[in-house]
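Enquirer: sequence and predicted structure, then a few things I'm wondering about:
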Amino acid sequence: MQKLGIAITGSGSALPETSLDNQTLSTLVETSDEWITTRTGICQRRLAMPSESLSNLGAKASMQAISSAGITPADIDLIILATSSPDDLFGSACQIQAQLGATKAVAFDLTAACSGFVFGLVTAAQYIRTGVYQNVLLIGADILSRWVDWQDRRTCVLFGDGAGAVVLQANESDRLLGFTLKSDGTQNHYLNLAYQPSSQELLPGVNIGQGTYQPITMNGKEVYRFAVQRVPEVIDKALFQANLTVDQIDWLLLHQANQRILDAVAQRLNIPQHKVISNLANYGNTSAASIPIALDEAVRQGTIQPHDTIAAAGFGAGLTWGAAIFQWGR
Ligand code: UT7
C-alpha cells in the first residue's frame, strides 16, 4: 500500500567557522555587548568568508541529514532550498544537487525569508501526501552577512550565517499533524532586501533598470509587534487543526530572531520556559536556517526524542508567517 503520511527522519546543520562576538562587533558600530544581549539575547554570530558559498554550507548540512535518515543522495526525489541569499539569483538548489550527487532529484529554490523553512516543510509535504515523491530533502540556508549594511547598528547586530537541513519521507503514520501559513504584502515595507534599479537608456525611448540589491532595511519595532501578535495565532490555528491542546506540545521551536520574541510568544501561549528551544545566543538570526539548525542541535543533544511533539513557527519578510506541528522521527 502506498504510504502517504509524512515523517521527518533526519537532520543536519553547518555553520561557518568564523565567529564574531558582540564585544568585537562594537568596534565596528556604536553598540555594546550589554545592549545586544539585553535587547536580543544574541552573544555572537557566525560569518561566511568569501570562499564559503551558500551551496557548500547547504550541501554539508544535507549530507548529515541524509546519513542520519539512513538513506543515500541517490534516494532523494526532490530538493527544496529555502533561502533569500542564493549564490546565484537563478537558484542554488541545483548546485547542492550536483554536490550531493543526488542525480534523481529535481531541485528548486523557495523564497519566503525567515518563514522559508516552515513554508518549505509544508510544500515538501504536499508532494509526499499526493504520492508523487517519497524522499524529500529540505534545506534552510542563508548568508545574510552578504546583504547587511555593516554600518547600520539597528540591523547588523542581529544576523548570522548558516544552514540546516531535514529529510522528509513517506511514512505509514502521518507525523505532520497540522499547519497554517500566512502572508500580508501590505506590510512588505517593514523588512526589505530590495532591488534598486537605475535607469539606463538602451535606445531612444527604450529604458531598462539595471542596478543591484540594497542592504537590508527593517522597522524593528513593527516587525517585533507583528511577530508577538501573529505567531501565537498561527500556532493556535495549527494546533486546532492537529486536534491538540497547547499543553500537549513538548517543544516550542520558533525562528530564532530575538529572545524577547521567543519569551513573549511562549508567555502568550502559556508554554513554560523549559519547553522553548533557543540557540540564538550563539548564532543570531540565521533567517531560513534558524529552525533547522536549532532542531538539529536539539536532536543531536538528545533534547528532542522520537515522537516528541514540536510546534515550529517562522516569521519575517513578506511579511510572511506560519506554523507547523509535527512529531520527530518515523
Ligand atoms: O527575522 C526577521 C524578523 N526580525 C525580527 O524579528 C526583528 C524584530 N525586532 C526586534 O527584534 C527589535 O525591535 C530590535 C532588536 C531590532 C530592536 O530592539 P528595540 O527594543 O525595539 O529597540 P529600538 O529599535 O526601539 O531602539 C531603542 C534604542 C534607540 O535609541 P533611542 O532612539 O531610544 O535613543 C536605537 O537607536 O536603541 C538604539 N539602538 C541601539 N543602541 C545600541 C538600536 N540599535 C542599537 C544597537 N546598539 N545595536
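Expert: Perfect, I can see it now. Since this is a predicted model, take the numbers as computed values, not measurements.
Enquirer: quick one, what contacts the residue of the stretch 151-300 of the chain found nearest the ligand?
Expert: Of all residues in the stretch 151-300 of the chain, residue 220 sits closest to the ligand, at 2.9 Å by Cβ to the nearest ligand atom. Quick note: C-beta positions are derived from backbone N, CA and C, even for glycine. Neighbour list for residue 220: 154, 155 [criterion: Cβ atoms under 8 Å, 6 or more residues apart in numbering].
Enquirer: all further residue positions should be reported with the first residue as 19.
Expert: OK, 19 is where the count begins now, so the last one is residue 238.
Enquirer: the ligand contacts on the protein?
Expert: Contacts of the chain with the ligand, taken as Cβ under 6 Å from any ligand atom, map to 49, 53-54, 57-58, 132, 171-172, 175, 238-239, 241-242, 245, 275-276, 279, 303, 334.
Enquirer: of those residues, grab the buried ones for ChimeraX.
Expert: Applied in ChimeraX, the following selects the buried portion of these according to 16 or more other Cβ atoms under 10 Å:
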select :49,54,58,132,171,175,238,241,242,245,275,276,279,303,334
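Enquirer: out of the residues of the chain next to the ligand, name the ones that lie in helices.
Expert: Taking DSSP state H as the definition of helices, the residues of the chain next to the ligand contribute 53, 54, 57, 58, 171, 172, 238, 239, 241, 242, 245, 279.
Enquirer: settle this for me: the fourth one is touching residue 280, isn't it.
Expert: No - Residue 58 lies out of contact with residue 280 (Cβ atoms under 8 Å); the separation is 10.5 Å.
Enquirer: okay, and the common contacts of the two?
Expert: Here residue 58 and residue 280 have residue 298 as joint contacts, going by Cβ under 8 Å, 6+ apart.
Enquirer: how about the spatially most central residue of the chain: what's its closest non-neighbour residue?
Expert: Centroid check for the chain by Cα atoms, centre = their mean gives residue 306 as the closest residue, at 2.1 Å. Distances taken as Cβ to Cβ, 6 or more residues apart in numbering place residue 134 nearest to residue 306, at 3.5 Å, with adjacent residues excluded.
Enquirer: what of residue 305?
Expert: Residue nearest to residue 305 in three dimensions, not counting chain neighbours: residue 160, with 3.8 Å by Cβ to Cβ, 6+ apart.
Enquirer: who's that neighbour bridged to?
Expert: residue 180 (DSSP bridges).
Enquirer: tell me the contacts of it?
Expert: Taking Cβ under 8 Å, 6+ apart, one finds 72, 101, 102, 103, 179, 180, 181, 304, 305, 306, 307 in contact with residue 160.
Enquirer: against residue 65, how distant is the residue of the stretch 169-318 of the chain closest to the ligand?
Expert: 21 Å (Cβ to Cβ, to the nearest Å).
Enquirer: what number of residues lie near residue 75?
Expert: Neighbour count of residue 75, defined by other Cβ atoms under 10 Å: 27.
Enquirer: which parts of whichever helix or strand it is part of are buried?
Expert: Under the criterion of DSSP states H and E, residue 75 resides in helix 72-87. For helix 72-87, a neighbour-count test (16+ other Cβ under 10 Å) marks 72-84, 86-87 as buried.
Enquirer: got it, and stretch 144-154?
Expert: Applying 16+ other Cβ under 10 Å to stretch 144-154 flags 145, 146, 151, 152, 153, 154 as buried.
Enquirer: out of those residues, who's nearest residue 226?
Expert: Of all the buried residues of stretch 144-154, residue 145 has the smallest distance to residue 226: 37.2 Å, by Cβ to Cβ.
Enquirer: can you tell me the closest non-neighbouring residue to that closest one?
Expert: residue 151 is the one closest to residue 145 (Cβ to Cβ, 6+ apart), at 4.4 Å.
Enquirer: for residue 25, see how far away the residue nearest to residue 306 is.
Expert: Relative to residue 25, residue 134 is positioned 21 Å away (Cβ to Cβ).
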